[in-house]
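Trainee: Got a sequence here, can you build the structure:
(chains A and B)
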Amino acid sequence: MTLASVHLTDSYFLTFAAMLFSIGAVGLLIRRNVLVMFMCVELMLNAVNLTFVTFAKTLDDIRGQAIVFFVLVVAAAEVAVGLAIIVAIFRRRRGGATADDIDLLRG
Amino acid sequence: MAEFVIFFIMAAVALGAAISMVLARNPVHAALLLVTVLVAIAVMFLLQDAQLLAAVQIIVYAGAIVILFLFVIMLLGVDKSESLHDPVRSQRPAAIVLGVVGLAELLFLVGHHWATGTSSGPGLNDGSGGNVERVARSLFTSYLWPFEVTAILLVVAVVGGVVLARRSGLPPQQELELERDDDDTEPDAMTESTSEVSAP
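Mentor: A predicted model of the protein is given here:
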């Protein structure tokens, strides 16, 4: 009876998205592998997308879903360019894939 | 009730996979765990009447972006496990504290109505057709200009990716020869960088 009366409200989704965003942020800060850092950025973008969709539902506004479309496009462009930069860097330096290897500000 | 159960299962799966992704030593495992999180988020989109975005999420993220990640992991040959040792000692506790503080702020905002705003556009159920048609109507009327700009953005990203991933401005044949020559001279640079890394 108590379980049946529980409803799925927006705060559940917002809390979940906040947790995912925080996990992504912490992962970005503690990991040294550039590829995993990049994946953490994707995780944060997805948490924000979920927030947009939640507000689209809560506020009954289709534009919340339209904006997620643009976030997806920008994320795809970002991944294409970012991974190309990573490939370019690690062709030059084959030492490893950690952010600490790229600590010299020279060509 | 059913929605509630689905939400909780997906939330548990996604949070577990996200934490494992951050802690995974192998980048390939991290990429596969990222797919799990993305699929769980697609289910959450479905729970909130965003059918188009759920499909796009699976196709674009799980189908294209993560595959791109896996290609780069294989191309670079960095699929071996890395140690989680951190050269900057205080960074990890500081990052976790920062993450907890950020999470507390976000959760504080979740509970307050002033952080949510009000509706000012067409509703989720305005007009005819399904979710796809309504999102499309929004994209091709009020957001037509940004939509066209994203086309340019994608072209720029593709061209940028090709330019950056190429070794030099030389034609492909000369580039291959250059790469062969470079393999002889590379060991010097490599030993230099590895000695840098292994220094405590």
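
Trainee: contacts and neighbour counts: CA atoms only from here.
Mentor: Noted.

Trainee: Residue B:8: neighbour count?
Mentor: Other residues near residue B:8 number 14, with proximity taken as other CA atoms under 10 Å in any protein chain shown.

Trainee: and it, that one's in a strand?
Mentor: No: with DSSP: H, G, I helix; E, B strand; the rest coil as the criterion, residue B:8 is located in helix rather than a strand.

Trainee: okay, it: pLDDT?
Mentor: Model confidence at residue B:8, given as pLDDT, is 92.

Trainee: so who does it touch?
Mentor: Counting by CA atoms under 8 Å, 6 or more residues apart in numbering or on different chains, residue B:8 makes contact with nothing.

Trainee: Residue A:89 now?
Mentor: Residues near residue A:89 by CA under 8 Å, 6+ apart: none.

Trainee: Check it and give its pLDDT.
Mentor: Predicted confidence (pLDDT) for residue A:89: 81.

Trainee: With residue B:153 instead?
Mentor: Residue B:153 is assigned a pLDDT of 94 by the prediction.

Trainee: got the contact list for the helix or strand residue A:12 falls within?
Mentor: In this assignment (DSSP states H and E), residue A:12 forms part of helix A:10-30. Contacts of helix A:10-30 with the rest of the structure, by CA under 8 Å, 6+ apart, involve A:36-38, A:40-41, A:43-45, A:47-48, A:50-51, A:54-55, A:58, B:11, B:15, B:18-19, B:22-23, B:91-92, B:95-96, B:98-100, B:102-103, B:106-107, B:110-111.

Trainee: try stretch B:60-79
Mentor: A:35, A:72, A:76, A:79-80, A:83, A:87, A:90-91, A:96-97, B:26-28, B:31-32, B:34-35, B:38-39.

Trainee: Any of these buried? List them.
Mentor: A:35, A:72, A:76, A:79-80, A:83, A:87, A:90, A:96-97, B:26-28, B:31-32, B:34-35, B:38-39 (16 or more other CA atoms under 10 Å in any protein chain shown).

Trainee: Now do the helices in chain A.
Mentor: In chain A, helices defined by DSSP state H lie at A:10-30, A:34-58, A:63-92, listed in chain order.

Trainee: Can you name the residues that contact residue A:63?
Mentor: With contacts taken as CA under 8 Å, 6+ apart, residue A:63 has the following neighbours: A:56, B:121, B:122, B:135, B:138.

Trainee: With residue A:70 instead?
Mentor: B:147, B:150.

Trainee: helices and strands of chain A: which one bottoms out on pLDDT?
Mentor: With mean pLDDT, DSSP states H and E as the measure, the helix or strand of chain A carrying the lowest mean pLDDT is helix A:63-92 (a mean of 89).

Trainee: Please work out which residue of chain B is closest to chain A.
Mentor: The shortest separation between chain B and chain A is 4.3 Å, found at residue B:123 (distances taken as CA to the nearest CA).

Trainee: Could you check which helix or strand contains that residue?
Mentor: Counting by DSSP H and E, residue B:123 is held by no secondary-structure element, helix or strand.

Trainee: ok, how many other residues are close to it?
Mentor: 17.

Trainee: could you dump the helices of chain A to a markdown table with distance to residue B:59?
Mentor: Written out in a markdown table, the entries for those read as follows (distance: least, CA to CA, whole Å):
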| stretch | distance to residue B:59 |
| --- | --- |
| helix A:10-30 | 21 |
| helix A:34-58 | 14 |
| helix A:63-92 | 11 |
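
Trainee: And those: which comes nearest residue B:154?
Mentor: Shortest separation from residue B:154 across these is recorded for helix A:63-92, at 5.8 Å, computed as CA to CA.

Trainee: now the closest one against helix A:34-58, angle please.
Mentor: Calculated by axes from the mean of the first three to the mean of the last three CA atoms, to 10 degrees, helix A:63-92 forms an angle of 180 degrees with helix A:34-58.
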